[in-house]
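> Coordinates only, no sequence provided:
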């Protein structure tokens with residue numbers, strides 16, 4: 001039987017609660033504050049270590065930081081993070097991170113990041129989705145009945 005990881009206390013973990021009682025599917029509630037990205041990084045690092053996927057930690061931590069920062073900054077409400085891994089026997093393992101908030105969201109077709117459309121070289125912001133697109137094998141956004149869900153996937157090689 002796989003060992004179920006107890007995530008750091010700084011993240012309100014919803015693992016094992018219906019409808020996804022799988023050790024490969026975990027949820028974490030994030031407060032709408034500036035500490036949300038660091039809490040999320042610690043939680044993801046612990047889960048990836050438990051799943052024996054240390055090669056994904058750096059890229060997924062950066063993606064998580066960008067998505068959580070966007071949720072806090074633009075959504076302005078608490079968010080929920082979901083981290084799921086495909087079944088190990090289904091080919092290459094895919095890890096999917098979803099961040100859902102109740103903010104107004106955006107249309108990814110009109111916000112598709114490009115190097116030319118990003119912030120100026122002197123700017124300290126405006127490159128988050130460009131980084132997400134560059135690091136992930138796939139990503140997207142969709143409107144839900146309660147707000148916005150942005151997701152990114154990485155494939156373990």
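Yep, that arrived. Note that the structure is predicted; figures quoted are calculated from it, not measured.

> Give the pairing partners of the host helix or strand of residue 141; include direction for each.
For residue 141, the host element (DSSP states H and E) is strand 138-144. If you go by DSSP bridges, strand 138-144 pairs up with strand 147-155 (antiparallel).

> now the strand holding residue 141: mean pLDDT?
The average pLDDT for strand 138-144 rounds to 90.

> residues of it that come out buried?
139, 141 (16 or more other Cβ atoms under 10 Å). Backbone N, C-alpha and C define where each C-beta goes, glycine included.

> Repeat that for stretch 54-69.
Buried residues in stretch 54-69, counting neighbours by 16+ other Cβ under 10 Å, are found at 56-57, 59-69.

> that older thread, so how far is the strand holding residue 141 from its chain's centroid?
Here strand 138-144 is found 11 Å from its chain centre; the criterion is Cα atoms, centre = their mean, to the nearest Å.

> Looks like residue 60 contacts residue 154 (just checking).
Yes - counting by Cβ atoms under 8 Å, residue 60 touches residue 154, with 5.8 Å between them.

> Tell me the secondary structure at the spatially most central residue of the chain.
Most central in the chain under Cα atoms, centre = their mean is residue 97, positioned 3.7 Å from the mean C-alpha point. What DSSP: H, G, I helix; E, B strand; the rest coil gives for residue 97 is strand.

> and it, bridged to which residues?
In this structure, residue 97 bridges to residue 83, residue 152 when assessed by DSSP bridges.

> Quick one, grab the pLDDT at it.
97.
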